[in-house]
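> From the sequence below, what's the structure:
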Amino acid sequence: MSARESLSSPCMQRARSLEEWLTVSKALAKSTQTMFSSFPDLFASLTMVVRVVILSKAPTVPNRNAF
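The predicted structure is shown next:
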């Protein structure tokens with residue numbers, strides 16, 4: 001069997017398609033990991049915004065020394 005014939009064999013074709021699939025899935029895994037790793041930062045930012053909004057609407061005490 002020549003090198004050209006071995007490259008076109010069903011086994012080699014499956015190996016190439018598996019290699020391509022692994023390359024694509026690795027790239028998807030990296031992008032998914034990046035997306036999930038940014039969730040804590042996003043959650044912290046949203047929590048801070050909610051706190052600021054809630055505190056900005058809280059009633060203020062005009063003169064705390066009066067008590």
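> from here on, contacts and neighbour counts on C-alpha atoms
OK.
> Secondary structure element for Leu18, which one?
Using DSSP states H and E, Leu18 sits in helix 10-37.
> from the chain's centre, how far out does that helix sit?
17 Å (Cα atoms, centre = their mean, to the nearest Å).
> Now the element after it, going C-ward?
helix 39-56.
> what's that next one packed up against?
Applying 3 or more Cα pairs under 8 Å, 6 or more residues apart in numbering; DSSP states H and E, we find helix 39-56 packed against no helix or strand.
> Next, the angle from that helix to helix 10-37.
20 degrees (axes from the mean of the first three to the mean of the last three Cα atoms, to 10 degrees).
> Return the mean pLDDT over helix 39-56, rounded to an integer.
Averaged over helix 39-56, pLDDT sits at 86.
> Can you show me the CA trace of it as CSV?
The C-alpha trace of helix 39-56 is given here as CSV (Å, rounded to 0.1, in the frame of the first residue of the first chain):
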residue,chain,number,x,y,z
PHE,A,39,-19.6,35.2,35.2
PRO,A,40,-18.3,35.9,38.7
ASP,A,41,-17.1,39.3,37.6
LEU,A,42,-20.3,40.0,35.9
PHE,A,43,-22.4,38.9,38.9
ALA,A,44,-20.2,41.1,41.2
SER,A,45,-20.7,44.1,39.0
LEU,A,46,-24.5,43.6,38.8
THR,A,47,-24.6,43.2,42.6
MET,A,48,-22.8,46.4,43.0
VAL,A,49,-25.1,48.3,40.7
VAL,A,50,-28.2,46.9,42.5
ARG,A,51,-26.7,48.0,45.9
VAL,A,52,-26.0,51.5,44.6
VAL,A,53,-29.5,51.8,43.2
ILE,A,54,-31.1,50.5,46.4
LEU,A,55,-29.0,52.8,48.6
SER,A,56,-29.5,55.8,46.4
